[in-house]
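Q: Pasting the sequence and the predicted coordinates here, then a few questions.
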Amino acid sequence: MTDRTSKIGTIADAVALIPDGTRLAIGGFAIYQHPMAVVRELIRAGRKDLTVVGTVNGNEVDLLAGAGCLAKVETSYVGLEKFGLAPNFRRAIERGTLEVVDYSEILSFDRFRASQENLSFWPCDYLGGTDVLTHNKDIKPFTCPLTGRAMHAVPPADPDVVVIHAVAADRHGNVILPQRHLLPQSLDVIMARGCDTVIVTAETIVSDAEIRRHAAQVQIPSYKTTLVVEAPWGAHPCSVLGRYRADDAHFAEYIAASASADGFQRYIDRYVHGPADHMAYLALVGIKQLTSLTEIDRL
Amino acid sequence: MTDRTSKIGTIADAVALIPDGTRLAIGGFAIYQHPMAVVRELIRAGRKDLTVVGTVNGNEVDLLAGAGCLAKVETSYVGLEKFGLAPNFRRAIERGTLEVVDYSEILSFDRFRASQENLSFWPCDYLGGTDVLTHNKDIKPFTCPLTGRAMHAVPPADPDVVVIHAVAADRHGNVILPQRHLLPQSLDVIMARGCDTVIVTAETIVSDAEIRRHAAQVQIPSYKTTLVVEAPWGAHPCSVLGRYRADDAHFAEYIAASASADGFQRYIDRYVHGPADHMAYLALVGIKQLTSLTEIDRL
Amino acid sequence: MSDHSKSPTDAPSIAEIITVNLARSFKNGEVGFTGLVTGGAAALYGTSMPLAAMSLAQAMHAPDLTILLAGWSHNPDLRSLDVMPDSEFDAVLRDLPCEAQMISYPGQWAIKRGDIDFGFSSGVQVDAVGNVNTVCVGDYRKPKVRLVGPILLPEHMTLFGREYVMMPHHARRNFVRRVDYVSGVGYPGGMEGRAKLGLTHGGPEWVVTPKCIFDFDKRVGSIRLKSIHHGASLSDINENHDFGLTFAQAETTPMPTAEELDLLRNHVDPKGVLLGRR
Amino acid sequence: MSDHSKSPTDAPSIAEIITVNLARSFKNGEVGFTGLVTGGAAALYGTSMPLAAMSLAQAMHAPDLTILLAGWSHNPDLRSLDVMPDSEFDAVLRDLPCEAQMISYPGQWAIKRGDIDFGFSSGVQVDAVGNVNTVCVGDYRKPKVRLVGPILLPEHMTLFGREYVMMPHHARRNFVRRVDYVSGVGYPGGMEGRAKLGLTHGGPEWVVTPKCIFDFDKRVGSIRLKSIHHGASLSDINENHDFGLTFAQAETTPMPTAEELDLLRNHVDPKGVLLGRR
């Protein structure tokens, strides 16, 4: 009998799966639960020409946009919620150095459902009159084969790689969704089910027995997962529901720094290029600050 | 302040919502958790020309077919699982008195998803070479607007009325799915979400407080529900997971009776036309037999 | 008078006046959808007044109305809140008692079937036919300001039965002749124009600001001044839009009744979590 | 010898021979899907042998293989069973410990993406190009026997990577020149024929019976006799099909090794729940 294969790797292993030019989907929602440890490592590694395909994006795209890693973003939203517009994303768009392809929010979800179902398009009948149609040339008109109604074909998300941050996973790649969760967390699941290369960073790697005790919550089974990385506080400064709150002070510092390109450069020099890796980043933020964010919930 | 409206009614109220010719979707799966109390009342009321649109059907369709209530069945399966082929359905098809429109199982699910999403068709790319295409003229070929690939447009289920049997609901129409359930139960939910007239029979009507304690399990919210009927043992002789097992002895009696049309007539005379209503049916089956089927599980 | 006193004889605030008028416009049995907007006036207009209005309607004439908060919580127990949730992904929202929770998409509300009867949204620009813009100011390819994106606006303005566009500030730059990007579609060419675009459902009903309520002549597809809030004037309105039309008259926005104010202050929002402490 | 003794030196049963040959054909990392067929030989061929074979493969060369039972239970702890589940909706299945449970559709396994590497199915008729029929015997519009319907056969034979067609009885009426209804598509016109039908994936790999294993010349699209089980003869096979071709020779189905038999009897199925007590 041979042992079951471990899919455990490092954040560097994750980034090695995401070469320049990758079409990348990043888990999380707005400024919540993004796999920030991987995002920072992408910047350290100097990745270029990435396309981010998303649903509701936030600081993860803003950071990559500011660092010059992006060629294109396809999404319904890039913003920082209560912290306002995404300053670096905004600057890149206004300067014309970044392309954005706009979708409505529901269609941005549906595009990942199309990928999950291997559909070459998702049908839609309600975009008439919007400037989504004016500017998004990837969406094509067609006629319903049964009713003759005018419709639009929306392209699937089809990411090359999906990277998400989870609360818990096992070494084989089984990923747990917490029992008590909100809607955004389920979008990570849809993303992961529609891609052949799925990277999961997790707050904790749990035992096989723990997985079996939570079998009803294993929403991403092992065979869907390519790589599992243990990354405690891996979403910082974003929150992870049931584990820690958002680091509002860090966000405020980020916003203030991002008022200018120079200020942003000083921010990434300090928080991205300064620390050699994720653990060094956490040490820089400091245990006192991190633990002050703690939330308690069961799986 | 006015009181919130109660949607509680009777099985007769349910059947009044299902006139002759209704396009009807019936919850449950194979020989599991069908709203049999309503099915029997449809026969008592002498309903004609019903079309059943389903996914995986069983004794509920067989009973309606035998009683002459059906004009058409659109589904992927009609059978009695471990009890074999559906004898009355089979007889009706072989005699040419009932039309069946065949779909594959996944597409039979997708048709209800199309109804949930108000899509006028569901796209499919894998039916080539099957006799589903030969005989089902409701499915039409078309070309993918983005890739040029040959595809087929599958019509939505679009039932006029959905009737399902649930473990628990409140008087406003909030319906609970048990925490621990299997795949077939979720299909009832998809059905209910894609129809404007939804009838729910429930083992028990629970309080508003009970609903709030199980909010994460309320998969059909009140505004989707038209009528709620308390119908204990409402799926008999089918099982209801966590409440009672299938009545195998009753199924055996049904199968034996259904060997001939005359035998089947004697069965429905005894079990459908004999008892005036659902409570009389339960009395006929007998409390001893019913309670012998009891299973225990929490919500 | 202390911060906490809420006598029904106190004059109603603008927020209370708007809330009561919204509440009266909801029908029994409807499903109303509001996002979770955070921060100051945006939160008040985008989330708190809609929630208070739906709660008030439930307490008055619409006991069967369903409140959908953040597309997730069905009929939340708002009176149990000590503070508004901070975001669509925080523990306050997760822990808020309610009747049903939508933990996956697609879920309980079938948005494309038209389950939602009315919704609330906002934008940086609204124009004279009711189009709403959340994407950019200036040219799309080289914008003066890039905003957040279309988000759920296309759905709000077509899949929902009707839309209340909630504008927390009434400034000239927000009320334009033609938006720079149509995120959500109003009535270009009137109802006939919408039909030509394939839109058979929904559209903006009111545009609500701190000064007034606009509605639409849906036949011709033109914004109208429906009513002016107590304390605002016609010139206040006309000076603060660029619709290319001038409003000549309008009624005063109807005031709450004593019963409505009492319910709002003492039943719907006893802690002032929604509309603030008076 | 008592009912319960299972010496590895006992001669292997046909079920054990088939199980071991199936197990050898699975690759590490694959995902295998089996339904929950009930009743006698149908259950043995449709569910129990597939489960035993996947478990054996996991214990031998394929520790990363995923067993999908009834499309619901991922890697069930089969050794914990005292009895096989009775149906796809009973408490034994619900309570069976496993790694992940698919409680809604679509769910964990993305069937249309090709997540399933192989599956097991059956039919009343299989024909010379590997088409399978579960719908009717005789004319579709006026059938001699109406069967259950297409069920998941179209998906099994195109969306899964390959299919093992498990036939519990080897009778002439089940192995026909041309099925009366194509529920699942074989190789009409070979691989080229499948491609012309738009099928770029999947298809039948083996047809397994109590007497033999068939496979396919996929290029020309013709069924072949791959091997004959110990105890059966070439004439047994040729007399019991109506394929319109006669098989001239075939090897004997390879026998289990002592290690395989030991694992199967003492590790995979120690209580005889799957393959029965010897």
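A: Right, received. Where do you want to start?
Q: Residues of the stretch 51-200 of chain C that sit close to chain B?
A: Counting by C-beta under 8 Å from any C-beta of the partner chain, the stretch 51-200 of chain C comes close to chain B at C:59-61, C:63-64, C:66, C:74, C:77, C:97-101, C:103, C:106, C:108-110, C:112-115. C-beta here means a position set from N, CA and C on the backbone, and glycine is covered the same way.
Q: how does it look with 7 Å?
A: The stretch 51-200 of chain C comes close to chain B at residues C:59, C:61, C:63-64, C:66, C:74, C:97-101, C:103, C:106, C:108, C:110, C:112-113, C:115, as judged by C-beta under 7 Å from any C-beta of the partner chain.
Q: any idea what sits nearest the residue in the stretch 1-150 of chain A that chain C sits nearest to, other than its immediate chain neighbours?
A: Proximity to chain C, evaluated over the stretch 1-150 of chain A using C-beta to the nearest C-beta, is greatest for residue A:128 at 3.4 Å. Computed as C-beta to C-beta, 6 or more residues apart in numbering or on different chains, the closest residue to residue A:128 that is not its neighbour in sequence is residue C:197, at 3.4 Å.
Q: do the same with residue C:170
A: residue C:209 (4.1 Å).
Q: and what of residue A:285?
A: residue A:236 (6.5 Å).
Q: Tell me who's in contact with the one you found.
A: A:36, A:247, A:285, A:290 (C-beta atoms under 7 Å, 6 or more residues apart in numbering or on different chains).
Q: ok, back up a step: kindly state the pLDDT recorded for the residue of the stretch 1-150 of chain A closest to chain C?
A: If you check residue A:128, the pLDDT there is 98.
Q: Three-state assignment for it, please.
A: coil (DSSP: H, G, I helix; E, B strand; the rest coil).
Q: That one contacts residue C:196, doesn't it?
A: No - proximity of residue A:128 to residue C:196 does not meet the contact threshold set by C-beta atoms under 7 Å, at 8.0 Å.
Q: Have a look at the two and say which one is more surrounded.
A: Using other C-beta atoms under 10 Å in any protein chain shown as the criterion, residue A:128 and residue C:196 rank with residue A:128 on top: 20 against 14.
Q: re earlier: from the residues of the stretch 51-200 of chain C next to chain B, which ones fall inside strands?
A: Among those, DSSP state E puts C:66, C:74, C:100-101 in strands.
Q: And for stretch C:227-245, what's in contact with it?
A: By C-beta under 7 Å, 6+ apart, the residues outside stretch C:227-245 that reach it are C:14, C:17, C:128, C:170-172, C:175-177, C:211-213, C:223, C:225, C:246-247, C:250-253, C:255.
Q: Helices - which of those land there?
A: In this view, those that belong to helices under DSSP state H are C:14, C:17.
Q: For the chain, give me the ranges with low pLDDT.
A: You didn't say which chain, so I picked chain A. Applying pLDDT under 70 to chain A flags residues A:1.
Q: wrong one, chain C
A: Ranges of chain C meeting pLDDT under 70: C:1-9, C:277-278.
Q: And residue A:221, how far from residue A:190?
A: For residue A:221, the distance to residue A:190 (C-beta to C-beta, to the nearest Å) stands at 14 Å.
Q: Can you name the residue of the stretch 51-200 of chain C nearest to chain B?
A: Per C-beta to the nearest C-beta, residue C:100 is where the stretch 51-200 of chain C lies closest to chain B, at 3.6 Å.
Q: quick check, nearest of the ones in strands among the residues of the stretch 51-200 of chain C next to chain B to residue B:270?
A: Residue B:270 lies nearest to residue C:100 out of these, by C-beta to C-beta, at 41.3 Å.
Q: so that closest one bridges to which residues?
A: residue C:74 (DSSP bridges).
Q: Does it touch residue C:74 like I think?
A: Yes - the criterion here is C-beta under 7 Å, and residue C:100 meets it with residue C:74 at 4.0 Å.
Q: of those two, who's got more company?
A: Taking neighbours as other C-beta under 10 Å, residue C:100 and residue C:74 compare with residue C:100 leading, 30 against 23.
Q: wait, what's in contact with the more buried one?
A: Counted by C-beta under 7 Å, 6+ apart, residue C:100 has contacts B:174, B:215, B:218, B:221, C:74, C:108.
Q: how about 6 Å then?
A: B:215, B:218, B:221, C:74, C:108 (C-beta atoms under 6 Å, 6 or more residues apart in numbering or on different chains).
Q: which one of the residues you listed has the most neighbours?
A: In the contacts of residue C:100, the most neighbours by other C-beta under 10 Å go to residue B:221, 28 neighbours.
Q: Which residue is the nearest non-sequential neighbour of that one?
A: According to C-beta to C-beta, 6+ apart, the nearest residue to residue B:221 is residue C:100 (4.4 Å).
Q: What segments of the stretch 51-200 of chain C are strands?
A: Assigned strands in the stretch 51-200 of chain C, in chain order: C:66-69, C:73-74, C:100-101, C:118-121, C:125-127, C:132-133, C:136-137, C:145-146, C:162-166, C:175-176 (criterion: DSSP state E, counting those that start in this stretch).
Q: Any idea which of those gets closest to residue D:21?
A: The nearest among these, by C-beta to C-beta, is strand C:100-101 at 49.0 Å.
Q: chain center to the closest one, what's the gap?
A: 22 Å (C-alpha atoms, centre = their mean, to the nearest Å).
Q: cool, and stretch C:63-72?
A: 14 Å.
Q: From the opening residue of it to its closing one, how far?
A: 20 Å (C-alpha to C-alpha, to the nearest Å).
Q: again, but for stretch A:39-57
A: Per C-alpha to C-alpha, the first residue of stretch A:39-57 is 13 Å away from its last.
Q: buried residues in it?
A: For stretch A:39-57, the buried set under the neighbour-count rule, 16 or more other C-beta atoms under 10 Å in any protein chain shown, comprises A:39-45, A:47, A:50-57.
Q: before we move on, the earlier item: so which of the residues of the stretch 51-200 of chain C next to chain B sit within helices?
A: Per DSSP H, these map to helices at residue C:59.
Q: now the residues of the stretch 51-200 of chain C next to chain B: which count as buried?
A: C:59, C:63-64, C:66, C:74, C:97-101, C:103, C:106, C:108, C:110, C:112-113, C:115.
Q: what's near enough to touch residue A:275?
A: Residue A:275 neighbours (C-beta under 6 Å, 6+ apart): A:281, A:284.
Q: what secondary structure does the residue lying closest to residue C:211 once chain neighbours are set aside sit in?
A: Ranked by C-beta to C-beta, 6+ apart and with sequence neighbours excluded, the top spatial neighbour of residue C:211 is residue C:232, at 4.1 Å. At residue C:232 the chain is in coil, as set by three-state DSSP.
Q: what number of residues lie near residue C:232?
A: Neighbour number of residue C:232 under other C-beta under 10 Å is 20.
Q: Same check on residue C:114?
A: 17.
Q: repeat for residue C:160
A: Residue C:160: 27 neighbours (other C-beta under 10 Å).
Q: just the one 3 residues further on next, same as before
A: The number of residues packed near residue C:163 is 26, by other C-beta under 10 Å.
Q: show me what contacts the residue nearest to it when sequence neighbours are not counted?
A: Once flanking residues are discounted, residue C:163 sits nearest to residue C:204: 4.8 Å by C-beta to C-beta, 6+ apart. Neighbouring residues of residue C:204 by C-beta under 6 Å, 6+ apart: C:130, C:163, C:165, C:186.
Q: switch the cut-off to 8 Å
A: C:130, C:132, C:157, C:162-165, C:184, C:186-187, C:216 (C-beta atoms under 8 Å, 6 or more residues apart in numbering or on different chains).
Q: Could you pull out the helices in chain A for me?
A: Under DSSP H, chain A gives helices at A:11-16, A:36-44, A:59-66, A:87-95, A:105-116, A:131-135, A:183-193, A:208-213, A:248-257, A:261-268, A:278-285, A:287-291.
Q: Just name the most buried of those.
A: Among those, helix A:59-66 has the highest mean neighbour count (mean count of other C-beta atoms under 10 Å in any protein chain shown), at a mean of 27.
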